[in-house]
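# Sequence first, then the predicted structure:
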2 protein chains.
Amino acid sequence: MRRTLVCAVFASLAGIAAATVGGGASGAKAQGQQAADGVRAALSAFYAALNARDIRAMEALWSRDAEPMIIHPTAPQGRAPAVGWEAVRRGFEEAWPRFEAFSVTVNEPVQVRVGQGGAVAVAVTPVRQKVRGGAALDYTALATFAFERRDGRWLLVHNRVSRVPQ
Amino acid sequence: MRRTLVCAVFASLAGIAAATVGGGASGAKAQGQQAADGVRAALSAFYAALNARDIRAMEALWSRDAEPMIIHPTAPQGRAPAVGWEAVRRGFEEAWPRFEAFSVTVNEPVQVRVGQGGAVAVAVTPVRQKVRGGAALDYTALATFAFERRDGRWLLVHNRVSRVPQ
């Protein structure tokens, strides 16, 4: 089995952040596992970029066309989706400076569903944050993701995050 | 252009609820439009089944394997995802009897993103509901969907709904 899964956590160094999954003569089950590993690697890269506030690493993870959609409670657009990579990027860039600190961890296991050309993932993520001039806040967020597979890479096309009520 | 898009709003009568999109020699743009129309038809069928509380019509719209994921605020499982068609079905069947009335409409336009093998849609939906023994309640929900294309049909693999805070 040829296996070319590239761990993407330090993708900002490499310049290519999405996971790359190679082909091979492995069985369907192994391929499915390999694909799921690729999605998980892309998710790890997402949270690495988020915690590092690294917009270039983040950019490499997203489909950069006119249609990716993001729904974040902290984004200026509120609860409506930001549509298109430019709006997604602006959302991150405007949100990040408002935080003196934030870190997001991921509770395992992450639910991953891999299809032929797309994947869906759901993660539960404890968040520690401190808005500038505000108090520290700990909460749990629920994050859902949709990916598309393009040229062997899993690219983000959708992310929705909201705080889980206590 | 051969066009075999089947409007699926009355799918519970027909027994096949997901939209069917035929091939043809049309250009990429027309195909993209056709695919988006297919996703919109599947969404219409979803809301028709939801409002009619028709589990058979709903069932025809979903991937019925072990991995579709749904996150509904009204579901017994709370905010955690229900995973697998059986859990999704149980969620609907347990939630519906609790409502004396509910109706969901869809604010147009619905955001739709169509990829090679998958699609994502975001809808804003005014909801009118009355829980048995409770007061009537009007609110707006934000619903996100992921679809996979299988044998020319758009099947639901993910749905997440939450109430938009005022």
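Happy to help now that I have it.

# Which residue, neighbours along the chain excluded, lies closest to the spatially most central residue of chain A?
The residue lying closest to the centre of chain A (Cα atoms, centre = their mean) is A:F46, at 3.7 Å. Distances taken as Cβ to Cβ, 6 or more residues apart in numbering or on different chains place A:L61 nearest to A:F46, at 5.6 Å, with adjacent residues excluded. C-beta here means a position set from N, CA and C on the backbone, and glycine is covered the same way.

# Please verify my assumption that the one you found contacts A:A49.
Yes. Using Cβ atoms under 8 Å, A:L61 is in contact with A:A49, at 6.5 Å.

# low-confidence ranges in chain A?
Within chain A, the ranges that satisfy pLDDT under 70 run A:1-26, A:74-79, A:166.

# what does chain A put close to chain B?
Residues of chain A lying near chain B by Cβ under 8 Å from any Cβ of the partner chain: A:67-69, A:71, A:79-81, A:83, A:111, A:113, A:115-118, A:120, A:122, A:124, A:142, A:144, A:146, A:148-150, A:157-158, A:160, A:162, A:164-165.

# Just list the residues touching the residue of chain A found nearest chain B, thanks.
Closest to chain B within chain A is A:G117: 2.3 Å, counting by Cβ to the nearest Cβ. Counting by Cβ atoms under 8 Å, 6 or more residues apart in numbering or on different chains, A:G117 touches A:E148, A:R149, B:G115, B:Q116, B:G117, B:G118, B:E148, B:R149.

# Return the member of those residues nearest to B:R98.
Checking the contacts of A:G117 against B:R98 with Cβ to Cβ, the nearest one is B:E148 at 30.0 Å.

# Could you tell me how many residues sit around that closest one?
Residues near B:E148, counting by other Cβ atoms under 10 Å in any protein chain shown, number 23.

# distance of it from A:E148?
11 Å (Cβ to Cβ, to the nearest Å).

# for the closest residue to A:W96 other than its chain neighbours, phi and psi?
Closest residue to A:W96 apart from its sequence neighbours, by Cβ to Cβ, 6+ apart: A:R53 at 4.6 Å. Dihedral pair for A:R53: phi 50, psi 50, per degrees, to the nearest 10.

# Give me the number of neighbouring residues for A:R53.
By other Cβ under 10 Å, 15 other residues sit near A:R53.

# repeat for A:A28
7.

# cool, and the one 5 residues further on?
Taking other Cβ under 10 Å as the criterion, the count of residues near A:Q33 is 13.

# So it versus A:R40, what's the distance?
According to Cβ to Cβ, A:Q33 stands 10 Å off from A:R40.

# Thank you kindly, that will do.
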